[in-house]
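**Q** no FASTA, just this:
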Ligand code: NAD
Ligand code: MG
């Protein structure tokens, strides 16, 4: 295998930095040829000095001069701004995109990469939530592989290897339940940002950590799974598994269940996606069945964590509903992280936005952009940001 040039879009985030650890440990297999970040110019500069990419992009244009100056004595091309991130996605200097930008902002660069026929290692689940049908169609047209990085979807993907056209009865997405598993609304009403940011099993970016606490993350993942694996809503089941050892499972039509397991460590699905179809050796800690540890499973408490119902409804309704759900959720999580709204208000804001923005059954990409904007504006109007 020749050295694969990875374009890391969102290199300063939780996924991006772990991907760079994988690259650093496997220099014979990978290099980082594009790095992009929104704000964190200091880390971006440090990464550029260490990994010597062809191109770096800083989203915040005000920081262009700082990055340019710091990299003046290198061969790294420096670009800035939202459009430059998209432009970089269309460049020749990389072989695979690691889509690790958070939120809706990841959609356009990913579409651009697919247009340029680049395979995608997809962490940015919001891309498929917002425009799954369009993204997957384009990937088929361009004959581009979309390989999931999200641990649950990586698990399903790994379980499918060797199954050819064997029929899936259902998939079982596991969820840790987050820091508030077992809690009720009378507790959740007083929950603050710092408590919600403490995930029991995974260390992740702020947005997905809050989504895990509200169970919206699992809702978004159901929609992501629908598009990745071409499933009907009723084929997607969610089960709470607090230990996060089984990353997800498939039940085939003969009732046989395949699971992918391991200690929770995102570097594993990241390296699997980057190296696919190969597995590569590593020294990550191993799960040991001899150590007494019970694996538990329970039904999600959807009465308390209503986001899971809202997301399931959006999944069933389709059209622009998941896009509206996602936009409202991004605004609500942003407001919660700034202590502007309470934990339970997140669901309230999403629900009110879903009920407000007009439904479109078969939206074009442009219509999705409009729905996203409308949903954001409406959700923001519910709280003074
Ligand atoms: P993060 O917040 O740690 O990092 C986000 C990255 O995106 C940063 O590099 C940031 O500079 C960049 N970014 C943020 N806003 C941007 C914008 N408007 N335009 C361009 N770039 C922008 O997030 P993360 O936890 O690494 O998650 C990244 C994606 O991967 C998310 O979609 C998340 O759902 C998904 N994911 C993450 C994990 C995890 O363990 N962190 C697991 C599964 C899936
Ligand atoms: Mg996940």
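**A** Received the coordinates, thanks. Everything quoted here is computed from the prediction, not taken from an experiment. Ligands and ions are numbered 1, 2, ... in the order given.
**Q** please give me every residue in contact with the residue in the stretch 251-385 of the chain that ligand 1 sits nearest to.
**A** Nearest residue of the stretch 251-385 of the chain to ligand 1, counting by C-beta to the nearest ligand atom: residue 266, 4.4 Å away. The C-beta positions use only the backbone N, C-alpha and C, and glycine is treated the same way. By C-beta atoms under 8 Å, 6 or more residues apart in numbering, residue 266 lies in contact with 14-15, 18, 149, 151, 202, 204.
**Q** okay, and which of those map to helices?
**A** Judged by DSSP state H, the contacts of residue 266 include 14-15, 18, 151 as members of helices.
**Q** show me the contacts for the residue of the stretch 1-150 of the chain found nearest ligand 1.
**A** Using C-beta to the nearest ligand atom, residue 13 is the residue of the stretch 1-150 of the chain that sits closest to ligand 1, at 1.9 Å. Residues counted as contacts of residue 13 (C-beta under 8 Å, 6+ apart) are 100-102, 205.
**Q** circling back to that earlier point, by pLDDT, rank the contacts of residue 266 and give me the bottom one.
**A** Ranked by pLDDT, the contacts of residue 266 bottom out at residue 202, which has 80.
**Q** okay, now the residue in the stretch 101-250 of the chain that ligand 1 sits nearest to: neighbour count?
**A** Going by C-beta to the nearest ligand atom, ligand 1 is nearest to residue 205 of the stretch 101-250 of the chain, at 2.5 Å. Here the count is done by other C-beta atoms under 10 Å, and residue 205 has 18 residues near it.
**Q** around ligand 2, which positions in the chain sit nearby?
**A** Residues of the chain lying close to ligand 2 (C-beta under 5 Å from the ion) are 150-152.
**Q** turn the residues you listed into TSV, including neighbour count.
**A** Compiled in TSV, those are given as follows (neighbours: other C-beta atoms under 10 Å):
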residue	neighbour count
150	28
151	23
152	28
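**Q** of those residues, which ones also sit close to ligand 1?
**A** residue 150 (C-beta under 6 Å from any ligand atom).
**Q** which of the residues of the chain next to ligand 2 sits closest to residue 198?
**A** residue 151 (18.8 Å; C-beta to C-beta).
**Q** low-confidence ranges in the stretch 101-250 of the chain?
**A** Nowhere does the stretch 101-250 of the chain drop to pLDDT under 70.
**Q** in it, what residue lies closest to ligand 2?
**A** Closest approach between the stretch 101-250 of the chain and ligand 2, counting by C-beta to the ion: residue 150, at 4.2 Å.
**Q** quick check: that residue vs residue 213, distance?
**A** Separation of residue 150 from residue 213 (C-beta to C-beta, to the nearest Å): 17 Å.
**Q** for the residue of the stretch 251-385 of the chain closest to ligand 1, what are phi and psi?
**A** Torsion angles at residue 266 (phi, psi; degrees, to the nearest 10) stand at phi -70, psi -20.
**Q** from residue 51, how far out is the residue in the chain sticking out farthest from the centre?
**A** No residue in the chain sits farther from the centre than residue 73, which is 34.8 Å out by C-alpha atoms, centre = their mean. Distance, residue 73 to residue 51, using C-beta to C-beta: 16 Å.
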